[in-house]
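Student: Please find the sequence and the predicted model below.
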Amino acid sequence: MGGNQANSAALIISGAILCALISLVTANKQQQFPPPIRAPGIKAWRMSKYVIYGGVLRTQGLCGDFTKMPSGTAQQTAEALEKLDGILIEAGLARKNLIAITIYIADILPENFEEMNQVYDKWVDPEGLPTRLCVQAKMGHNAAVEIRAEAFCCG
């Protein structure tokens, strides 16, 4: 067998082994996870406050206090992060468990973005920085900010 043919055969065999290993790992992971844990939200008929599945907690969208709206971007960010703290505590987690945060902001003008960042930067755990996505989105109830998070949990 020539050099190129031997290299091609080795690559095909390596690829087949890799695919087999991925299939085994995936099959084992699917069998390990119990059914999702769902925490009823304020509107329990519509959504869960959070769901834990596969070792990851995912929250509903969290806004500021609707009874105080309209209020500023900073206040709504602080109130939404306070609600996130409550969920983390309820689930026995800490800020360092966060792996991803999505922040929706109604009007991403530089001053609004900076207000949100000032509150967020003081709140986030520098030892466990999650990934973050921040996008502009039109929201109801005069919400200026809505936050959704994912956190790693061991159970």
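Tutor: Received, thanks.

Student: Tell me, how many residues neighbour A80?
Tutor: By other C-beta atoms under 10 Å, the residues close to A80 number 27. Quick note: C-beta positions are derived from backbone N, CA and C, even for glycine.

Student: What separation is there between it and Q32?
Tutor: Note on A80: its distance to Q32, by C-beta to C-beta, to the nearest Å, is 33 Å.

Student: got it, and A100?
Tutor: Distance from A100 to Q32, by C-beta to C-beta: 22 Å.

Student: same check, this time on E90
Tutor: Per C-beta to C-beta, E90 is found 24 Å from Q32.

Student: likewise K83?
Tutor: According to C-beta to C-beta, K83 and Q32 sit 31 Å apart.

Student: So which of these two has more stuff around it?
Tutor: Ranked by neighbour count (other C-beta under 10 Å), K83 and Q32 place K83 first, with 18 against 9.

Student: Skip ahead from the host helix or strand of the more buried one and say which helix or strand is next.
Tutor: Assigned by DSSP states H and E, K83 belongs to helix 73-90. Using DSSP H and E, the helix or strand that directly follows helix 73-90 along the chain is strand 98-105.

Student: ok, that next one: who's next to it in the sheet?
Tutor: Partners of strand 98-105 in the sheet, by DSSP bridges, are strand 131-136 (parallel), strand 145-152 (antiparallel).

Student: Output that strand in PDB with nothing but the alpha carbons.
Tutor: The C-alpha trace of strand 98-105 is given here as PDB (Å, rounded to 0.1, in the frame of the first residue of the first chain):
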ATOM      1  CA  LEU A  98     -23.600  30.800  36.000                       C
ATOM      2  CA  ILE A  99     -22.400  29.800  32.500                       C
ATOM      3  CA  ALA A 100     -24.500  32.000  30.300                       C
ATOM      4  CA  ILE A 101     -26.500  35.200  30.600                       C
ATOM      5  CA  THR A 102     -28.700  36.800  27.900                       C
ATOM      6  CA  ILE A 103     -29.700  40.400  28.500                       C
ATOM      7  CA  TYR A 104     -32.500  41.900  26.400                       C
ATOM      8  CA  ILE A 105     -32.500  45.700  26.500                       C
END
